[in-house]
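# The sequence isn't on hand, but the structure is:
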């Protein structure tokens, strides 16, 4: 694969790195499903291990050898140049050594994920990609089989979500679902009990729910601040809450996800 030294920013192949937003990358020309940016050697390695295809890599001088080693037989350009020029191109310092432009894979269908799953996490309208990334990291580390995200949830392939998740967004299977009636029907047909994490008067303690948890559970987590919608609560078979002390009513949504998954692991 060629190593291309950058002396100017005129090469059209550098457009993937030129102050591109996540939304623009998702609509990038020359890609079937769009692109995403993988930051750091670790994330690039995890992306490649997941079978994702690179389009190019941008690396500081010392990281070129690492990039070539990680890419193996992938014949894509590796761009390299002085830090000042790369910062001018991207708008930020490459303090992790390299970034890569990756092709987004086709997403699986929700039904295919549920067919072999026992624990799934559903993210409803979670807007902050930092929280999305943190939840995916907990899913990968503590143990759930898949993540389902609603139409208004932040994209798990956004740069910040990938970075916060340490690349586990690229390893954990996920898919988008539609409205709640169709999602509920799909979950019920696959044998899942839907457990919504919310503060309601009839909510069960997480300890109580975990003690007799069914074989297949879908944990539903809601948006920061507003919590779950009325539609999500109506679709739930059970509402669950984490017991709190010292007058605190709830945890951050990412912390809530980690605690609930651990209790049900």
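Received it, and whenever you're ready, just let me know what you need. In this text the structure is predicted, and so the values were computed from the model without any measurement.

# any idea how far the closest residue to residue 191 other than its chain neighbours is from residue 148?
Closest residue in space to residue 191, ignoring its immediate chain neighbours: residue 216 at 5.0 Å, by Cβ to Cβ, 6 or more residues apart in numbering. Backbone N, C-alpha and C define where each C-beta goes, glycine included. As judged by Cβ to Cβ, to the nearest Å, residue 216 and residue 148 stand 13 Å apart.

# Compare the two (neighbour count), which wins?
Per other Cβ atoms under 10 Å, whichever of residue 216 and residue 148 has more neighbours is residue 148, with 24 against 17.

# Next, the more buried one: phi, psi?
Per-residue torsions, residue 148: phi -110, psi 140 (degrees, to the nearest 10).

# Contacts only, for it.
Residues in contact with residue 148, defined by Cβ atoms under 8 Å, 6 or more residues apart in numbering, are 110, 113, 120, 121, 122, 123, 174, 175, 176, 177, 183, 218.

# Of all pairs in those residues, which one is the farthest apart?
176 and 218 (14.9 Å; Cβ to Cβ).

# returning to that earlier point: next step: the contacts of residue 148 restricted to strands.
Using DSSP state E, the members of those that fall in strands are 120, 121, 122, 123, 174, 175, 176, 218.

# what residues are up against residue 192?
114, 120, 216, 217, 218.

# Skip the chain neighbours and tell me the closest residue to the first one.
Which is residue 114. Closest to residue 114 by Cβ to Cβ, 6+ apart is residue 190, at 4.0 Å.

# Residue 136 is in contact with residue 168, isn't it?
Yes. At 5.2 Å, residue 136 and residue 168 qualify as touching, with contact defined as Cβ atoms under 8 Å.

# okay, those two: which has more neighbours?
Per other Cβ under 10 Å, whichever of residue 136 and residue 168 has more neighbours is residue 136, with 29 against 22.

# For my notes, confirm that one occurs in a strand.
No. Counting by DSSP: H, G, I helix; E, B strand; the rest coil, one finds residue 136 to be helix, located in no strand.

# Let me see the confidence value for it.
Here the pLDDT value assigned to residue 136 is 97.

# how about it, what does it touch?
147, 156, 161, 165, 168, 169, 172, 174.

# Residue 81 versus residue 87, what's the distance?
From residue 87 over to residue 81 (counting by Cβ to Cβ), the distance is 10 Å.

# between the two, which one's more packed in?
Shown here are residue 87 and residue 81; by other Cβ under 10 Å, residue 81 has more neighbours (21 against 14).

# how close does the closest residue in space to that one that isn't next to it in sequence get to residue 43?
In this structure, residue 81 finds its nearest non-sequential neighbour in residue 6, 3.4 Å apart by Cβ to Cβ, 6+ apart. Noted for residue 6: a distance of 22 Å to residue 43, by Cβ to Cβ.
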